[in-house]
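Trainee: Sequence plus predicted model, see below.
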Amino acid sequence: MTDLQRYNLSDNELMSLSSGIAAFEGKHFSTAIQQLKPLADMGVADAQYRLAIIYQNGLGGAVHPPEAFAMMTKAAEQGLALAQHGLGFMYMQGECAEKSGADAIKWFEKAAEQGLVGSITTIAMMYQEGNGVERNLDKARELYQKAGFDPKEMGL
């Protein structure tokens with residue numbers, strides 16, 4: 001079973017999802033929206049995540065922060081690690097969401113539990129800088145090591 005087959009889509013829907021992802025990756029955002037929107041409305045996390053990125057950054061049109069937040073949240077709640085990471089950044093930066101270190105950490109940790117090294121590294125940086133969390137250099141060192149970095153090279 002491929003990643004996309006987990007959605008139990010028809011052959012046509014699976015083809016639309018694959019085409020939409022390819023259009024997204026090829027920076028053909030209008031086409032990506034056309035292909036992905038119906039699937040996002042059906043609850044397909046991969047489609048929701050990519051639409052969230054499009055809406056967040058105004059790719060192929062105007063920026064839509066509430067829609068970006070809604071789509072990213074739906075995809076994150078389904079366990080898509082990249083969406084969990086993206087939602088963490090929304091909360092950390094206060095972009096499309098109210099700034100919240102606690103919510104940022106919550107979502108970065110969910111993605112980190114799935115092995116997303118970028119989330120582990122981001123959490124380490126948050127602890128190193130005291131950004132949204134209480135500064136904890138020991139925790140930062142531990143997380144940098146877990147992510148495969150030498151804490152000394154990260155300024156610790």
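Mentor: Cool, the structure landed. Note that this is a predicted model, so its numbers are computed, not measured.
Trainee: Output the contacting helices and strands for the helix ranked longest in the chain.
Mentor: In the chain, taking DSSP state H as the definition, the longest helix is helix 11-25. Contacts defined by 3 or more C-beta pairs under 8 Å, 6 or more residues apart in numbering; DSSP states H and E place helix 11-25 against helix 29-41, helix 45-57. (Glycine included, C-beta is placed from N, CA and C.)
Trainee: Quick check: which of those is buried the most?
Mentor: Mean neighbours per residue, mean count of other C-beta atoms under 10 Å, is largest over the helices and strands packed on helix 11-25 for helix 45-57, with a mean of 24.
Trainee: Show me where this structure dips below the pLDDT cut-off.
Mentor: Low-confidence segments of the chain, defined by pLDDT under 70: 1-6.
Trainee: Quickly list the domain ranges of it.
Mentor: Listed by automatic domain parsing, the domain ranges of the chain are 8-100, 115-156.
Trainee: Let me have those domains in TSV, extended by distance to Lys106.
Mentor: Converted to TSV, those look like this (distance: least, C-beta to C-beta, whole Å):
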stretch	distance to Lys106
domain 8-100	8
domain 115-156	11
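Trainee: how about these, which one is nearest Glu109?
Mentor: Glu109 lies closest to domain 115-156 among the domains of the chain, at 6.8 Å (C-beta to C-beta).
Trainee: Verify the contact between Asp103 and Phe89 for me.
Mentor: No. The pair Asp103 / Phe89 is not scored as a contact, 10.9 Å apart, by C-beta atoms under 8 Å.
Trainee: Thank you, goodbye.
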